[in-house]
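S.K.: Just a sequence and a predicted model for now, questions to come.
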4 protein chains.
Amino acid sequence: MQLGLVGLGKMGFNMRERLRRAGHDVVGYDRAAEVRDVASLEELVDQLEAPRLVWVMVPAGDPTRETVERLGELLDEGDLVIEGGNSRFSDDQRNAEILAERGVRYVDCGVSGGVWGLEEGYGLMAGGAAEDVERAMPVFDALRPEGPREEGFAHAGGVGAGHYAKMVHNGIEYGLMQAYAEGFELLAAAPQVENVPEVLRAWTRGTVVRSWLLDLMVQALERDPQLENLRGYVEDSGEGRWTIEEAINNSVPAPVMSAALFARFASRQDDSPAMRAVAALRQQFGGHAVHHAGPTSGAGDVHGH
Amino acid sequence: MQLGLVGLGKMGFNMRERLRRAGHDVVGYDRAAEVRDVASLEELVDQLEAPRLVWVMVPAGDPTRETVERLGELLDEGDLVIEGGNSRFSDDQRNAEILAERGVRYVDCGVSGGVWGLEEGYGLMAGGAAEDVERAMPVFDALRPEGPREEGFAHAGGVGAGHYAKMVHNGIEYGLMQAYAEGFELLAAAPQVENVPEVLRAWTRGTVVRSWLLDLMVQALERDPQLENLRGYVEDSGEGRWTIEEAINNSVPAPVMSAALFARFASRQDDSPAMRAVAALRQQFGGHAVHHAGPTSGAGDVHGH
Amino acid sequence: MQLGLVGLGKMGFNMRERLRRAGHDVVGYDRAAEVRDVASLEELVDQLEAPRLVWVMVPAGDPTRETVERLGELLDEGDLVIEGGNSRFSDDQRNAEILAERGVRYVDCGVSGGVWGLEEGYGLMAGGAAEDVERAMPVFDALRPEGPREEGFAHAGGVGAGHYAKMVHNGIEYGLMQAYAEGFELLAAAPQVENVPEVLRAWTRGTVVRSWLLDLMVQALERDPQLENLRGYVEDSGEGRWTIEEAINNSVPAPVMSAALFARFASRQDDSPAMRAVAALRQQFGGHAVHHAGPTSGAGDVHGH
Amino acid sequence: MQLGLVGLGKMGFNMRERLRRAGHDVVGYDRAAEVRDVASLEELVDQLEAPRLVWVMVPAGDPTRETVERLGELLDEGDLVIEGGNSRFSDDQRNAEILAERGVRYVDCGVSGGVWGLEEGYGLMAGGAAEDVERAMPVFDALRPEGPREEGFAHAGGVGAGHYAKMVHNGIEYGLMQAYAEGFELLAAAPQVENVPEVLRAWTRGTVVRSWLLDLMVQALERDPQLENLRGYVEDSGEGRWTIEEAINNSVPAPVMSAALFARFASRQDDSPAMRAVAALRQQFGGHAVHHAGPTSGAGDVHGH
C-alpha cells in the first residue's frame, strides 16, 4: 500500500522502516534533508496516487496543526490523514474539521512502543469513522506487533478516541514507573537487601509484578547497578498532565497518577518554594533550625511544638 | 530430593504438586485431613531422612510462629527450615534464633505467583546463609519458572532479606494495580472511548504498559466487560502496610504505594468519618447543604466561602 | 456611597446588609422578587447616578457571563463593574474586554467568609487597575473585617488576579479541611482516645493547629459529637479543580491539595470502578475472594501472591 | 504549688518561667549547669516535699526513658511524674509500669505551642488516671492559655492518650503546613499574582483559611518576601511518622498527612533514587535524554512512547 509519512524523527524514522519491511511504499518527508525522500509536502502529495493516505508524525501542538492545515490545502476529497503524534485528544476535532472542509478524512492514532517499536511493533489506538479506520488497516497491521490484531490495535471510538486512549495509557505508564521507582529506592535504602539488581531480575518471571517496564529496569541496572550515572531529573511530555485534567473533568480520583506527575515536577526543582515555606513556619513556631540558602549549614531540631 | 511441606492451602497445595512434577519427594502436612500425607508434624519429621528440609507455608503471624517453634522442638542439628509464607521480615530473625538454639538452619523465602504458580512457576526471593540457600537450590529450581535461574530466583541477602524483597514486591504490586485501576476508571468515565475492554486488550503487545497484570485485567474484562458483578471492596494482607512503614523508617518518599494502600482502606468504608468532618465544616462556614445519614437527601451547593 | 448589587443569594443578601450597616446606599437586584429592591437590571442601572458602581454576585459560569454582557449594554463609559462571584480567573479577561468596548471598567474580587461574613466581614482579594480598585475602596472597606485594611483586603494584581488568589485560597482550604478530617478520623478510630470532641476543643488555644476552621469543627462536634447525623458525601464547587489545573500548568507539585480534591470525588461514589478493577485483579492472580455486587457476601483472604 | 522540672531546653526553660509567673515553686534540673536550679536529680527530689510532682521535659527516646527509670529509683510511693516531652504514645505504658513498681503515679501530657508558649500558653493533652490529672491541674492551668480551661486543656484518656492526641495534632499540623506551602508556591509561580505576601496577609481576617499558622507565615514573609534566604529542607521529628503508622494500624486513609510527610523526606534528598529509576526507564523505552550525574547537561525530549 502506498502512503506518505510526514515526520521522520525518532518515531517516524523507525516507522517508515517497519512499514517498508512489510512491503508498503512509503514516501517520507521531514524538514531534515538527510532523512527525507521528498523535499516538500507538495512533492509528497504529488507522488501519492489518489485517494491518498498521509500519516503525520510530527511534534504535538503547532507543528502538527500547521502540518494538518497545509495538508488541508494540498489534499483532495477522499484523501485520508492519520495523525499519529502525541496530540492532545481535544485537538483532533479541530483537525478533522479543517480537513472536512476539503472533503479530506481524518483518523487519530495513539502510538506506543518507543524505540523498540521497529522490531517489536507499536501498540496502536485509533479514533475515527469505521470506514476510514478500515481503509488504513494494512498500515496499522504493518505497524502493530505480530500476533492477534486485537492485542496490538484497537478502534477506540470516534475522532479523538485514539489520542484519548493513548493519553490514559501514558497516565498509567507514569503510575507504573513511579511504583517500580519507589520500590527500587526502598530496596536500595534497606540494609537488609544486599543485591538490589538481582532481586529485580528475579521478578522478571513468575511474579505478579513482571512486565516490560520491569525488563527495561533490569537492563538499565545491568549497565549501572545503582543508577549512579543518572540524575533524578525527569521531564514530562504532556499526556500525564492531560490525564489528571481529564480525571478532574470526569470527577475520577487519580491519586496514583497525580502523585507520579507531581514527583516529576519536584524532581526538576533545585529547591522547593513550598518546602521553604514549611521551613519558615517551623522556624516561626518552634525555633527550629533552618538551612539557609547558600553554603549549607547544619540543622538541628528541638521538640515541643 | 526429599522435603517436608507444612501448609497445603491455596499456595502450598499447588507447590507440592509442582515439586512432585519435578521429581521431588514431598511429605505434606496440613490441619485439613483430606489433603495431607501425614497426620502430624511429628510424623512428618519422622518420615524425613536427616539432614531434613522442611518448607513452612502457613498463614503469617501466630500460625507461622507456632509452627517454627514446634519444628524447633522436633528437628535436629543440621536440619533446615524454609519459611515461605507471607511473614513480615522482622519475624525472621526471631524464627532463626529459635531454631538456632537447636542447631537448625533457617532460610526465609518470599514467594510470588498466586494460583498461576503451579503451571508458570513462582518468583522466589530467599534470605539466609549462602550454604543454606545453596542446599535448597533443587527445591527453588523446581518451584521457580523455567528459564534462567536468575530471572525467577534471587538470594537477596541474609535472614529476612527474602521477605523484605517480597514485601517491596507487593508494595510495587499495589501501585501497579492502582495505576491500571485509575486508568480503567478514567476510560470508563470518558464519553470519548467507546470500547474500554478493546482498548486494554490492544495494550497487551507493543505498548509501554504491557505486563502480566494487564493480561489478567484483559481476562477479567472478557468475562465482565464493566466489572459490574464485583464490588469495589478490596482487602489488604499486610505487605502493603509494612512497605509504607519501612518507607517511613528509611525516609523514602512513597506517595504512589501509600495512595494505593489508602485507596484500599477507603474502599472498605461504608461511610468516611473524615468526609463527614469535611461535610460538617462546609456546612458550618458556608451553609452548604449536606447529606444526612439515613435516607439520602439531595444536596445543593452555594458559592462564596 | 451608592452601588448596585446584582445577586442576593446567601452571599449577596448578607453583603447588602453589611454594606447598608456601613452607611452605603445599595440597590439590590435578584431574580427572586421577594428579596430585591428593583425589578430589573435596567431599573437598577437607572437608579444609580453615574459614574455607577455595580457589584455582581451571581453564580459562576453562564449566569455571571450573561449578567456582565447585559451590564455592558446598559452601563455607560466610566461606570465600574466588580465581579465578586466564584468565577474562574480565566473568565475575567473576557469580562473586562466585553465591558471595555463600552468604556466600562472592570475589577474582579474574590470573597471569602461564607455565612459568617455578615458579622465578621469578608476577606477580599481584588484584581484590576489601581484607579478602579481605589475607587471602590469604600465598598471594600465596608465588606472587609474591621482592623487594618491589609489584613482583610489585598489588591492582588491586574484583572483576574483577585479570582486567582481566591482560587488558591480555596485550594488551601481543601487541604486544611482534609488535614483536620484525617486527624478527626484517626482520633475517632483510636481506642486510646476517649473523648475526641474534648481533644479538638483543647486545641483551640495555644496549639500550632488553632484556626477558624478548627473552631468551626469544635462547634459542629458540640452538636453532634460523632458527626453521626451526616453522611461523608462532599461536593466541590470548582476552585479546587482549577487550583490543581493551575498547579499542573505551572509545574507546581500539589500532592496535598489534589489528595483533598480526590477524597471528595471518592466520597461521592457509591462504588469505585477503580477498586472493582483492583478486586478483579486480585481475584485473577490470587484467587482472592471478592465482594459481589448485590447482597454483600463475606470475603476472606489467602496468602502468597 | 511545688514541682520539679527536668529538662530546661527551649521548651522546659520557658515553661519554668511561665509556671513561676503563675506563682508556682519550680525546681529545675538540666544537664546544662548554667540554667539549672539544682545540680542533680537527687537534689531535685530532695528539695521537693512529698507527695512530689516532677515534670519531665527531655528529648524523646533514650533520654526520657533513662530519666523515668532514674526517677523510679529516687521517688516514693504517691509521687507523680508527668512526661511532657514528644514521646511516642507507645512508650507511656512502659514508663507507667516502671514507676508503678514503686507506687509512683504517671501522667503523659502532649504540649503544643513552641516558643510562643511562654506568652500565649501551651495547648495541653493529658493521659492518665482522673485523680492524677486532677492533682496536677494547678500546673496545667498555669501552662495552658488563659480563657476557658477546656479550650487549652483536655484529659484525653488513660495513660498514653495525651501523647496520642499530640501525635495526631502534629500529623494535622504537617498537613496544614503543606497546604499553605503548596498555595504559597502556586501564588509565587503564577504570573497573575503580583504581590504574594500581601495576598497572604489579606487572608488573616475574615477568610476561611485564617489561622495561627497563616499569621506566622505572614510574619515570615514580612522579613523575607520570597523566602529566598531559606532552603527548602525540612526535618521531621517523629510524630508525623507515628501518625501515618497509626493510620495504617487503624486502616484510616491518610493521603494528606502522608503526602506532607513524604514531601519532607523528598526535601532532604539531594537527588532522588526513585526519580533516577524513572529517568532510566524513560531512556530505555523512549530514548529520552537524561541528565547525567556530575556537570549538568541539557535534556531534550522526544515523543511517541
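M.R.: The structure has been received and is ready for your questions. Residues are numbered from 1 along each chain as shown, chains lettered A, B, ... in the order given.
S.K.: Return the residues of the stretch 101-250 of chain A in contact with chain C.
M.R.: For the stretch 101-250 of chain A, the contact set with chain C under Cβ under 8 Å from any Cβ of the partner chain comprises A:208, A:241, A:244, A:245, A:248. C-betas here are computed from N, CA, C, even on glycine.
S.K.: Verify the stated contact: the third one with residue A:257.
M.R.: Which is residue A:244. Yes: contact between residue A:244 and residue A:257 holds when scored by Cβ atoms under 8 Å: they sit 6.3 Å apart.
S.K.: which residues are in contact with both of those two?
M.R.: When contacts are counted by Cβ atoms under 8 Å, 6 or more residues apart in numbering or on different chains, residue A:244 and residue A:257 are jointly contacted by residue A:171.
S.K.: Pick out whichever of these two has more residues nearby.
M.R.: Neighbours of residue A:244 and residue A:257, each counted by other Cβ atoms under 10 Å in any protein chain shown, are more numerous for residue A:257; the result is 30 against 27.
S.K.: Next up, identify which helix or strand the residue nearest to the more buried one when sequence neighbours are not counted is on.
M.R.: Taking Cβ to Cβ, 6 or more residues apart in numbering or on different chains, and ignoring the residues beside it in sequence, residue A:257 has residue A:171 as its nearest neighbour in space, at 4.6 Å. Using DSSP states H and E, residue A:171 sits within helix A:161-189.
S.K.: what about that helix, distance to the chain center?
M.R.: For helix A:161-189, the gap between its own C-alpha mean and the chain's C-alpha mean amounts to 11 Å (Cα atoms, centre = their mean, to the nearest Å).
S.K.: pLDDT of it, averaged?
M.R.: Over the span of helix A:161-189, the pLDDT mean works out to 98.
S.K.: Quick check: what element follows that helix along the chain?
M.R.: The helix or strand immediately downstream of helix A:161-189 is helix A:196-202, counting by DSSP H and E.
S.K.: Other residues contacting that next one?
M.R.: Defining contact as Cβ under 8 Å, 6+ apart, one finds that helix A:196-202 is touched by A:184, A:187-188, A:193, A:214, A:217-218, A:221-222, A:225-226, B:123-125, B:150-156, B:165, B:168.
S.K.: okay, now the closest residue to residue A:241 other than its chain neighbours: neighbour count?
M.R.: Setting aside the residues directly before and after it, residue A:241 is nearest to residue C:248 in space (Cβ to Cβ, 6+ apart), at 4.8 Å. A total of 23 residues lie near residue C:248 under the criterion other Cβ under 10 Å.
S.K.: Contact partners for residue C:248?
M.R.: Contacts for residue C:248 were tallied using Cβ under 8 Å, 6+ apart; they are A:241, A:244, A:245, A:261.
S.K.: Spell out which helix or strand contains it, please.
M.R.: Following DSSP H and E, one finds residue C:248 within helix C:239-249.
S.K.: Show me how far that helix is from its chain's centre.
M.R.: Its chain's C-alpha centre and that of helix C:239-249 lie 14 Å apart, by Cα atoms, centre = their mean.
S.K.: what comes up buried for that helix?
M.R.: Of all the residues in helix C:239-249, those buried under the rule 16 or more other Cβ atoms under 10 Å in any protein chain shown are C:239, C:240, C:241, C:242, C:243, C:244, C:245, C:246, C:247, C:248.
S.K.: what's downstream of it, the next helix or strand?
M.R.: Sequence order places helix C:255-267 as the next helix or strand after helix C:239-249, per DSSP H and E.
S.K.: quick check: mean pLDDT across the helix or strand following that next one?
M.R.: Taking DSSP H and E as the definition, the helix or strand that follows helix C:255-267 towards the C-terminus is helix C:273-286. Predicted confidence along helix C:273-286 averages 95 (mean pLDDT).
S.K.: Kindly report the same for stretch A:33-50.
M.R.: pLDDT averaged over stretch A:33-50 equals 98, rounded to a whole number.
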